[in-house]
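Participant: have a look at this prediction, sequence included:
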Amino acid sequence: IAGITQAPTSQILAAGRRMTLRCTQDMRHNAMYWYRQDLGLGLRLIHYSNTAGTTGKGEVPDGYSVSRANTDDFPLTLASAVPSQTSVYFCASSETLTKNIQYFGAGTRLSVL
Amino acid sequence: RKEVEQDPGPFNVPEGATVAFNCTYSNSASQSFFWYRQDCRKEPKLLMSVYSSGNEDGRFTAQLNRASQYISLLIRDSKLSDSATYLCVVNGRGNNNDMRFGAGTRLTVKP
């Protein structure tokens, strides 16, 4: 089934550890995004990528990095996790940066202790 | 002030009821508007886009008021399956790297 796959589904992580959240899409979409969702706040954009080889910062990029080596994969890395990064992380994609419909993965629940 | 604000909810309504949600946005330059639906512990999914002239999709009607900077969602003849959180989404610059999400309004439809 076409769509976006995120891994892991959930993770408990010790503070200071490095963690990479994986995101893969098979829709050949050019644009991909990483959001975090916290209680009482809307989804907030962390980083985005217009196309393979390019990335950009969103609203809350600090403490996160991304790469886009190919069209399908868009991993999000926490170099040294902190408790404030406890959240639900959603990866999304759209055909292009300007085609507004975004499709979301099932999310990764991350707890940093 | 948050860029996108929604009715705090929760809304608890009986089956068959009509319910309306409002959402206000602060950026007058916003160009695109959407309603997404999110089920408990699931990912958001597009419910409908909101067009300037208003639009309808079955039991769902969306309206945009640019002068007052708000959008609304009306659900008629509520079904149990409509129970979810509804997210208001506003696109600030016409491209997807500036999508602003409201915190959501929770709806529970009861038998």
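Facilitator: Cool, the structure landed. The shown structure was predicted, so the numbers you read here are calculated from the model rather than taken from an experiment.

Participant: need the three-state assignment for B:Asn97.
Facilitator: Assigned by DSSP: H, G, I helix; E, B strand; the rest coil, the conformation of B:Asn97 is helix.

Participant: any idea what the residue in chain B that chain A sits nearest to is bridged to?
Facilitator: Of all residues in chain B, B:Phe101 sits closest to chain A, at 3.2 Å by C-beta to the nearest C-beta. Backbone N, C-alpha and C define where each C-beta goes, glycine included. Bridge pairing for B:Phe101 (DSSP bridges) gives the partners B:Val89.

Participant: wait, it touches A:Arg44, no?
Facilitator: Yes - in this structure, B:Phe101 is within contact of A:Arg44 by C-beta atoms under 8 Å, at 7.5 Å.

Participant: more crowded one of the two?
Facilitator: Higher neighbour count among B:Phe101 and A:Arg44: B:Phe101, with 23 against 17, using other C-beta atoms under 10 Å in any protein chain shown.

Participant: shaky segments in chain A?
Facilitator: Along chain A, the parts satisfying pLDDT under 70 run over A:1-2, A:99.

Participant: could I get the full set of strands for it?
Facilitator: A:4-7, A:10-13, A:19-25, A:31-37, A:44-49, A:56-57, A:64-66, A:76-78, A:87-94, A:103-104, A:108-112 (DSSP state E).
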